[in-house]
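Asks: got a structure for you, letters missing:
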């Protein structure tokens, strides 16, 4: 019996250690067992983000739809990062304590009940993709997190602090990746 419990613990420890895609930086997602489906009517998974949602356009957040959020979710969080910057990731949007019943956000809509932290531009809220001119298109990963309870973090919370607060409290995650180049 003890051997089977030890083996189960070893397997579960290995599973919860996965999810970072092999990366050892703090951009790895907190472990979660369930999946949230994140979609947008503006672009498909791996598709090109329309100019309207970038620094070259209106610079508003794209419309989003969330499904598969676990019933026991206390709040949601969003994190949008550029995965292709040469010096680690660049944060374009971080928001937490979003109403767990949120299933849709219209273009440019701030999530109801949320706190929006400062992005890497130094401003609260959404800051659209804006890669250097001439670079290959960058990949922008929007991750939605379902969490147990509220996070109640300061608006000056960093993305790393948000991920730390989500660690061990994340019930489900989902991503939507888009590309944009200039």
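Replies: Done, it's in. These numbers were taken from a predicted model, which means no experiment stands behind them. Numbering: from 1, shown residues only.
Asks: number of nearby residues for residue 62?
Replies: Residues contacting residue 62 under the criterion other Cβ atoms under 10 Å number 24. To be clear about C-beta, it is placed using only N, CA and C from the backbone, and glycine gets the same treatment.
Asks: quick one: contacts for it?
Replies: Counting by Cβ atoms under 8 Å, 6 or more residues apart in numbering, residue 62 makes contact with 40, 42-43, 49-50, 53, 107, 178.
Asks: got JSON lines for those residues, with secondary structure and pLDDT too?
Replies: Shown next, in JSON lines, are those (DSSP: H, G, I helix; E, B strand; the rest coil; pLDDT from 0 to 100):
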{"residue": "40", "secondary structure": "coil", "pLDDT": "98"}
{"residue": "42", "secondary structure": "coil", "pLDDT": "98"}
{"residue": "43", "secondary structure": "coil", "pLDDT": "98"}
{"residue": "49", "secondary structure": "coil", "pLDDT": "98"}
{"residue": "50", "secondary structure": "coil", "pLDDT": "98"}
{"residue": "53", "secondary structure": "helix", "pLDDT": "98"}
{"residue": "107", "secondary structure": "coil", "pLDDT": "98"}
{"residue": "178", "secondary structure": "strand", "pLDDT": "98"}
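Asks: so which pair among the residues you listed is furthest apart in space?
Replies: Between all members of these, the longest pairwise span (Cβ to Cβ) is found for 107 and 178 and amounts to 13.8 Å.
Asks: Between the two, which has more neighbouring residues?
Replies: Neighbours per residue (other Cβ under 10 Å) separate residue 107 from residue 178, with residue 178 holding more: 25 against 16.
Asks: Can you name the residues that contact the closest residue in space to that one that isn't next to it in sequence?
Replies: Once flanking residues are discounted, residue 178 sits nearest to residue 49: 4.0 Å by Cβ to Cβ, 6 or more residues apart in numbering. Residues near residue 49 by Cβ under 8 Å, 6+ apart: 42-43, 62, 128-129, 140, 178-180.
Asks: And for residue 48?
Replies: The neighbourhood of residue 48, defined by Cβ under 8 Å, 6+ apart, consists of 137, 178-180.
Asks: can you do 10 Å?
Replies: The neighbours of residue 48, taking Cβ atoms under 10 Å, 6 or more residues apart in numbering as the test, are 42, 137, 178-181.
Asks: Beta-bridge partners for it, please?
Replies: With DSSP bridges as the criterion, the beta-bridge partners of residue 48 are residue 179.
Asks: Dihedrals phi and psi, residue 138?
Replies: According to degrees, to the nearest 10, the main-chain angles of residue 138 amount to phi -90, psi 160.
Asks: Report the secondary structure element holding the residue nearest the centre of the chain.
Replies: In the chain, the C-alpha nearest the mean C-alpha coordinate belongs to residue 143, at 2.3 Å (Cα atoms, centre = their mean). For residue 143, the enclosing helix or strand under DSSP states H and E is strand 138-147.
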